[in-house]
Structure formats: C-alpha cells, structure tokens
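A.B. asks: What would the 3D arrangement of this be:
(one chain, ligands or ions: 2)
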Amino acid sequence: MATIKLYNTRSHKIEEFSPIDSRNKFVSMYTCGPTIYNTPHIGNYRAYIFADILRRMIESNGYNVKHIINLTDVDDKTIKKSIELGITLDELTKPYEQDFYNGRESLELLPANIYPRATNSIPKMIEIIELLIQKDFAYKTEDGSVYFKVSADKNYGILVNVDPNKIKENAGGRMNNDEYDNENIQDFALWKAWDVNDGENKWESPWGLGRPGWHIECSAMAEEFIGGTMDIHTGGIDNMFPHHENEIAQSECAYGHTFANFFVHCNHLMIDGKKMAKSDGNFLMLNDLKDHGIHPLSYKYFLYGTHYRSPANMTWDTLNSAQTTLMRMYEKFISIIDLKNTNINSGTIIAEDNAEDYIEKIKNVLANDLNTAEAIAFFIELFDDIEIPNEIKLITILEIDKILGLGFNKYYKLDKTIPSDIQKIIDERNIARENKDYTKSDELRESLNNKGYIVIDTKEKSIFAINPLDSA
Ligand code: AMP
Ligand code: ZN
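C.D. replies: Numbers count the residues shown, from 1 in each chain. Ligands and ions are numbered 1, 2, ... in the order given. Below is the predicted model of the structure:
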C-alpha cells in the first residue's frame, strides 16, 4: 500500500492523506456535480475525470470509497430556463441528468454511490439555516430571505485568501447572486424569498415561501449523505470561491466541526489560451469531439498527460496525437489477446514479478499527488516489455486499467463475434493479400475501417477486431 499524498487547498500544501475511518478503510468523498440545465462541456468533464482517477487511486490502495456527486436541479439557471421553456424543473432536468450519466459512461467514469438531487434535500437545508440563525451566523430580511453573516465567521477565507478589510468594508451588503468574485464579498443568500420570476418553484419554510441559494444545497446534501466531517471534497478551481468557501462557512458554523479534511481542486481545461466556459462561448461537448473523430477516452487519455493542478491546453493536434497513442496501445492489446496462449514459457514466475512491478510503480506515482503522466508512461512501457509473456501481460493490463479506466476491461468483455457480412470482406481481403493484390486489400481495409473494424497486419497473419475507439 502506497502512502497517499495530496495537495490540500485547505492547508495550501501537500499532505499525507489518511481517512477518518482508517480502521475500516472507509473514505467519504463529495464532488460538486453538474447543474442539470444543459449538457456538460468537456471542461466540466475535466473536473469529473479528475475526481474519478482520484477515487480509483484511493480504491487501488485498498480503501472503500463512498462517492457522492450531487445534481443541482434548482438554482437561478434551472429556474430561468424552465420558465422560458414553459416546463417544470423536473421536465427540464431529467433528460440532462440522463445525458450526464451517458457522458460518464462513455468516459469510463465509475458511477457514484448516490447522485442526490438538491430538491430532495430542502428539509436539511432548512435545518442548517435554522441552526445558523440560532447561532447568530445568519439573519432574515424583511422580504423573507435569509443571509449568511460573513463578518461573524472568523474562519471565512480559508480556501481563498480573503482580505478581512474587504469583509469589513462590505459588511451589511447583500449578495443575492450565487456566483460572484472575491472582490465582492458580502453576506450571501441562504434562502431566497419567492418572487414572480420564480414561477411555481417555491417551497414552504419558516421564513415563508422561497427557494434555497446554491451553496446551501451542497452543505445539506453532504450532511445528509455523508454526515459529520468528510474525508475529501473535490471540484474545479473555479468552485473554490465563492461556492466551497461558502459551503465551509455554512457547515462549520452550523455544526461546529470540520466540513472536509481535504479539499482537492483541479485546474481548468483551456482552449486557445482561455478557460473553456459556457459564458465565453468557447465550449465543446463530447459529441463535438466525436464529430471530429475523437473518442471520449482519447480526451481522457490526453488529460492524463497534464497534472491535475496545471491548466490543460487543448488543441485538435494534441487530441489527435493522444488518440493515436491510445490506439497503438489498443492494437498491441488486441494482438496480445490473439497471441496470449502461444508463448507462455518457463520464465513465468520472474515475469509475474516484473509485471507486478508495473502495477506497484503506477500505484506509487498516482499516490504521489496523482502523477497521471508518469502512470501512463509506465503503462506504455508494459505493452512493449518483451520479457513478459502475453498471458501475464494481459492480466496486468487489465489490472492497471482498473486504476486508469481507459476501457481495456470493457473492450475485453465485449462480444467480439464477427458478423457474417464483415467476415465476407475479411475473407476477400485475405485472398487479395495472398494474391498480392495490395490495391484491393487496401480498399477492403478501408471498407472494414468504415464499418468500425480495424485490421492489424503482422508478418504471420492479419488480425481483425472491432475498433475500440470508434467514435461513431
Ligand atoms: P458547473 O456546472 O459550472 O458548476 O461546473 C461543474 C464543474 O466543472 C465544476 O467543478 C467546475 O469547477 C468545473 N469546470 C467548469 N469549467 C471548467 C473548465 N474549463 N475546466 C475544468 N473544470 C471546469
Ligand atoms: Zn457544491
């Protein structure tokens, strides 16, 4: 078992990680999930890919992770869009929830244990707000809204260095928006009194009809589904302020205990030197990648090349070259499956040790603040290690793929029966090759490629297989 080290935004340094319930090897982890009013862009997916590899790394060290990813189904954005479209919040958000699950599946992200919807935790939000009012960390305004009193929280600004003078200067000012910058620190809304722009979206509360602010939602879902101090909270760096800062303020002032021992944040996906963002219009969806022939797993592979705390600069060239490398690994994998029974030799025991070394090295570099780039470098080396027989190599690849989640296990389990129409083309191509009719054999290869199959020609024979990275 490797020592796990992570950069903790809470302490602003790399720390050794050990969970609260280390006796039971249990880790609780909360990831801020999507606002389900549209399809997530690939920048958003960077945050989920990062949370997934973090979880897989922890699990590979023998821990059992309870992973919560919330769904924001009520906030300014969902309400505005549902009213514009004349549909209910449920009608608006259900298809996007499904869309999110589909995207996750195509990226081989492990399903969370629970995907709570904010609207199911409103009683817990009310409970927290009542506690905050009782303890004088929050106050009600005349219209029936409730605000968090930032100046009452001595620890405010633990994640992002906040100038205490700014808090003093702005004391008493009120921020009704869910998103704002840290130059604009003011008391923020925990509960927003109903107004006509909210349409039918209103809930009973001790302060009258209204709806929650965005930040209180995560405090409530974390308390409801984890409870007490959690081990790890994740998100993108843009969630640090005000969202995570406010989550900490709410939960710690209400309950008096640490909200999360570790906050781990990933940096942004950049395109043309700018953060990919809905508001800037420079965003791409997973489907846009597919339209460019890039499989979601190639995008994930590309991200592994950059440390999670650095910006990842995306260009079509870098995505294409990531896909080429991943495809080469898959081609070798397919050849290994094909050959695995042909060359087991007496060196098996030593080879097992060598193979085990790769797993250990990968676990170690990942445990060291998630060095994914080194992990994939070791993974690539394994494919070309001629000392390891194919049978053992296959098992090792599948074992490492359980940590890296690059789809090798899924592909291995696929029903690879070749349908008769494809077999006919394969037979024709084999004949063309025997006759040295390379023009025809190239044409037939292309036809197979267009039908989602790849051809690997070796000295001895040609191997045909379903394209693992067919982005259709
Ligand atoms: P949102 O739906 O805007 O709350 O974003 C969902 C998640 O995506 C959050 O964790 C954000 O921090 C993250 N995120 C948004 N844009 C990017 C980006 N360009 N790169 C990486 N993560 C992002
Ligand atoms: Zn959140």
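
A.B. asks: Would you mind giving the domain segments of this protein?
C.D. replies: Per automatic domain parsing, the structural domains of the chain span 5-266, 284-412, 420-466.

A.B. asks: Now those domains in JSON lines, please, with extra columns for mean neighbour count.
C.D. replies: Using the backbone N, CA and C atoms, a C-beta is placed for each residue, glycine as well. Converted to JSON lines, these look like this (neighbours: other C-beta atoms under 10 Å):
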{"stretch": "domain 5-266", "mean neighbour count": "19"}
{"stretch": "domain 284-412", "mean neighbour count": "18"}
{"stretch": "domain 420-466", "mean neighbour count": "14"}
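
A.B. asks: Figure out the helix or strand that Glu331 lives in.
C.D. replies: helix 316-339 (DSSP states H and E).

A.B. asks: related to what we said a few turns ago, got JSON lines for the domains of the chain, with mean pLDDT and distance to Lys278 too?
C.D. replies: Converted to JSON lines, the domains of the chain look like this (pLDDT from 0 to 100; distance: least, C-beta to C-beta, whole Å):
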{"stretch": "domain 5-266", "mean pLDDT": "96", "distance to Lys278": "7"}
{"stretch": "domain 284-412", "mean pLDDT": "93", "distance to Lys278": "11"}
{"stretch": "domain 420-466", "mean pLDDT": "94", "distance to Lys278": "33"}
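
A.B. asks: Quick check: which of these is nearest to Met276?
C.D. replies: With C-beta to C-beta as the criterion, Met276 lies closest to domain 5-266 of those, at 3.5 Å.

A.B. asks: Ligand 1: which of the domains of the chain is closest?
C.D. replies: Smallest distance to ligand 1 across the domains of the chain (C-beta to the nearest ligand atom): 2.1 Å, for domain 5-266.

A.B. asks: Could you confirm whether that closest one reaches ligand 1?
C.D. replies: Yes - interface with ligand 1: domain 5-266 contributes Cys32, Pro34, Thr35, Gly43, Asn44, Arg46, Ala47, Gly235, Gly236, Asp238, Asn239 (C-beta under 6 Å from any ligand atom).

A.B. asks: Determine which two of these are furthest apart.
C.D. replies: Greatest spatial distance among those (C-beta to C-beta): Thr35 and Arg46, at 16.1 Å.

A.B. asks: any idea what the closest residue to Ile42 other than its chain neighbours is structurally, helix, strand or coil?
C.D. replies: Nearest-residue entry for Ile42: Leu284, 5.4 Å, with adjacent residues in sequence omitted and distances by C-beta to C-beta, 6 or more residues apart in numbering. The assignment at Leu284 comes out as coil when based on DSSP: H, G, I helix; E, B strand; the rest coil.

A.B. asks: show me what contacts Leu284?
C.D. replies: His41, Ile42, Ile271, Met276 (C-beta atoms under 8 Å, 6 or more residues apart in numbering).

A.B. asks: how about the residues you listed, which pair is most distant?
C.D. replies: Going by C-beta to C-beta, the pair spanning those furthest: His41 and Ile271, at 9.9 Å.

A.B. asks: quick one on the thing from earlier: from the contacts of Leu284, which ones fall inside strands?
C.D. replies: Ile271 (DSSP state E).

A.B. asks: how about the contacts of Leu284 in JSON lines, adding distance to ligand 2?
C.D. replies: Listed next are the contacts of Leu284 as JSON lines, based on distance: C-beta to the ion, whole Å:
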{"residue": "His41", "distance to ligand 2": "18"}
{"residue": "Ile42", "distance to ligand 2": "20"}
{"residue": "Ile271", "distance to ligand 2": "24"}
{"residue": "Met276", "distance to ligand 2": "19"}
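
A.B. asks: Between the contacts of Leu284, which sits nearest Lys461?
C.D. replies: For the contacts of Leu284, the nearest to Lys461 is Ile42 (38.6 Å; C-beta to C-beta).

A.B. asks: Look up how far ligand 2 lies from the nearest residue to Ile226 once chain neighbours are set aside.
C.D. replies: Here the nearest residue to Ile226 in space, its sequence neighbours aside, is Ser28; by C-beta to C-beta, 6+ apart that works out to 4.6 Å. Distance of Ser28 to ligand 2, computed by C-beta to the ion, to the nearest Å: 15 Å.
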